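S.K.: Below are the sequence and a predicted model; questions follow.
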There are 2 protein chains.
Amino acid sequence: MVRPSGKEAMLDAAEVVLTEQGAWRLTLDSVAEQAQVSKGGLLYHFPTKRALLQAMVARLMTHATERRNERRGEDADAAAILRADVETSLLDEERDLQLCAGLISALANCPHLKEPIRSFHESRFADLEALNIDQNESAVLLLAADGLMLMETLNVSPFTKEQRDALVQTMLRMAARLAEAPVS
Amino acid sequence: MVRPSGKEAMLDAAEVVLTEQGAWRLTLDSVAEQAQVSKGGLLYHFPTKRALLQAMVARLMTHATERRNERRGEDADAAAILRADVETSLLDEERDLQLCAGLISALANCPHLKEPIRSFHESRFADLEALNIDQNESAVLLLAADGLMLMETLNVSPFTKEQRDALVQTMLRMAARLAEAPVS
DNA sequence: GTTACTATACCGACCAGACGGTTTAGTAAC
DNA sequence: GTTACTAAACCGTCTGGTCGGTATAGTAAC
């Protein structure tokens, strides 16, 4: 039987456990079970739990960056980029929300593992500088999208579906307005 | 000696542990130690850990609501209310940030304990309805403040101090503009 | 004023289970 | 022989929770 270097499969399994069972059940045993691998096999590739978490964050941020770049396209103008960034923040799939929620608590006690996440956001906001639009107001708009996403992730969003839809429409309208306005 | 009904002192202790040691160290033992009480004494007042968490959330939300109402004052106009809400979101004390971060992970695995938090936010946004300003744009502004706060809480904020200051100024400027603009 | 009882508040030893991690012995493909 | 595992026992630690007991204060009959 061909072994496709089970590392990726193990990371997949860890994501499944994280989304379906939460951060408190993300144990070496449960990840190994989900990956249909022995605990020893798991620890062969990730010598500590921290190493596993680190690899998970790295892969997730790589994927997030790829997805963002996809959605932006190649030669997009300011309006398209702003809109893409707002839309990318507003994770629509339940799985992504749960994954994000899981990550937040899984990484709560090892702050320096969150550096890739911080740096991901840094590049997001840095990209606004090249855009000939009001950077601060644009950043506020992106922050609002992030805020809504985080509230939903943490399950404390107070909005009904209708209210949420209206908010998203408003954000997209504001994005268009910002892209057209002159730099202040 | 007057007995101050140790319950409040125990909740104080739990907050200290949460801010200073994080959610993973928020154990019955460490709370009892911090409160200078035996574990049995702690469990006498809070029969389960969940009950302790619930009491913590309840007290924190009560305090948060009080603080928000204080900052708003009595007969504030739309501009003052918007500004107060933005400023209240942007927790400036390190302790509040850590407390919030701790809560987030402490409550990660018991979602229904977060209902008081959701309801706190609900009332925040519902108050915008009485204000004769654009509700959606105002909500977007508040969300941006929440987004910045949550990023700082989760320790993934990509902004320098100068960038953050500029963002806050921009939010306050947007608040003033919104309060003056007619309802769309 | 002693005895009997109750309620409140608390102590601290103990327990069963889970967890991260180690170790050992073995397998099987290349 | 190296790489990539399996299987299972095991260790030390920590955790939430239980349980029997204790200290103090108050009540009230006698």
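M.R.: Alright, I've got the coordinates.
S.K.: show me where chain A has helices.
M.R.: Assigned by DSSP state H, the helices in chain A fall at A:7-21, A:28-34, A:39-45, A:49-72, A:78-89, A:94-106, A:115-126, A:135-153, A:161-180.
S.K.: give me the residue from chain A nearest chain B.
M.R.: A:Gly147 (2.8 Å; C-beta to the nearest C-beta). Placement of C-beta: from N, CA and C, glycine included.
S.K.: Tell me the gap between stretch A:138-148 and the middle of its chain.
M.R.: Taking C-alpha atoms, centre = their mean, to the nearest Å, one finds the center of stretch A:138-148 at 14 Å from the center of the full chain.
S.K.: Same check on stretch A:119-131?
M.R.: Counting by C-alpha atoms, centre = their mean, stretch A:119-131 comes out at 15 Å from the chain centroid.
S.K.: Distance across stretch A:31-43, terminal residue to terminal residue?
M.R.: 11 Å (C-alpha to C-alpha, to the nearest Å).
S.K.: Which positions within that stretch qualify as buried?
M.R.: A:31-32, A:34-35, A:37, A:42-43 (16 or more other C-beta atoms under 10 Å in any protein chain shown).
S.K.: Stretch A:69-84 too?
M.R.: A:72, A:78-79, A:81-84.
S.K.: With stretch A:119-137 instead?
M.R.: For stretch A:119-137, by 16+ other C-beta under 10 Å, it's A:120-121, A:124-125, A:128, A:131, A:133-137.
S.K.: residues in contact with the residue of chain A closest to chain B?
M.R.: Neighbour list for A:Gly147: B:143-148, B:150 [criterion: C-beta atoms under 8 Å, 6 or more residues apart in numbering or on different chains].
S.K.: List just the nearest of these to DNA strand C.
M.R.: Closest approach between the contacts of A:Gly147 and DNA strand C, by C-beta to the nearest atom of the strand: B:Leu150, at 25.9 Å.
S.K.: Within range of DNA strand D, give me the residues from chain A.
M.R.: Residues of chain A found near DNA strand D (C-beta under 7 Å from any atom of the strand) are A:3, A:5-7, A:36-42, A:44-45.
S.K.: Tell me which of these has the lowest pLDDT.
M.R.: The lowest pLDDT within the residues of chain A next to DNA strand D belongs to A:Arg3, with 40.
S.K.: Show the backbone phi and psi for the residue lying closest to A:Val168 once chain neighbours are set aside.
M.R.: Using C-beta to C-beta, 6 or more residues apart in numbering or on different chains and skipping residues adjacent in sequence, the residue nearest A:Val168 is A:Leu90, 6.5 Å away. Listed backbone geometry of A:Leu90 is phi -80, psi 70, with angles given as degrees, to the nearest 10.
S.K.: Touching, A:Leu90 and A:Met151? I think so.
M.R.: No: counting by C-beta atoms under 8 Å, A:Leu90 stays clear of A:Met151, with 11.1 Å between them.
S.K.: Cool, thanks, talk later.
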